[in-house]
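K.L.:
3D model of this:
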Amino acid sequence: MSRPRFSFRPNLQNEEHRKAWDILKSVPEGQRNTFIARAILENVRQDTLENTLRRVLREELRASPVQPEAEQEDTIPQEMLHFLDSLS
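P.N.:
Got it, this is the predicted structure:
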C-alpha cells in the first residue's frame, strides 16, 4: 500500500497562508508530518470541545429560569438622609 501524498502550496499573498508557512518552516524537516497531524487533530478536538460546551451552556440556560435583576434604587434611603441631617 502506498502512502498518501499531501502538498501544501501556500499563497504568500494570503496572510493566513503566510503565517502558517512561517510556523511550518520553523518545524525541523523530519518532524513536519507529525506537526501537521497533531495540528489537525488538535483543531478537531478544539472544535468538538467548543461545540460540546456550547450545547451544555444552551441546555443549562434553557433549564434555569430567568430572573430579572432587582432594580437599583436611585434615591437615597430615608435613614441616610436623617443621619446626614443630624450631622448638621
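K.L.:
tell me which residues of stretch 2-11 are tucked away?
P.N.:
Counting neighbours by 16 or more other CB atoms under 10 Å, one finds that stretch 2-11 has no buried residues. Yep, even glycine has a C-beta here, placed from its N, CA and C like the rest.
K.L.:
what's the model's confidence in that stretch, averaged?
P.N.:
Stretch 2-11 shows a mean pLDDT of 91.
K.L.:
quick one: it to chain centroid distance?
P.N.:
30 Å (CA atoms, centre = their mean, to the nearest Å).
K.L.:
how far does it stretch from start to finish?
P.N.:
28 Å (CA to CA, to the nearest Å).
K.L.:
which residues sit against it?
P.N.:
Identification of contacts with stretch 2-11 by CB atoms under 8 Å, 6 or more residues apart in numbering yields His17, Arg18, Ala20, Trp21, Leu24, Ile36.
K.L.:
So the residue most central in space within the chain: helix, strand or coil?
P.N.:
Nearest residue to the geometric centre of the chain (CA atoms, centre = their mean): Glu50, 7.8 Å. Taken by DSSP: H, G, I helix; E, B strand; the rest coil, the conformation at Glu50 corresponds to helix.
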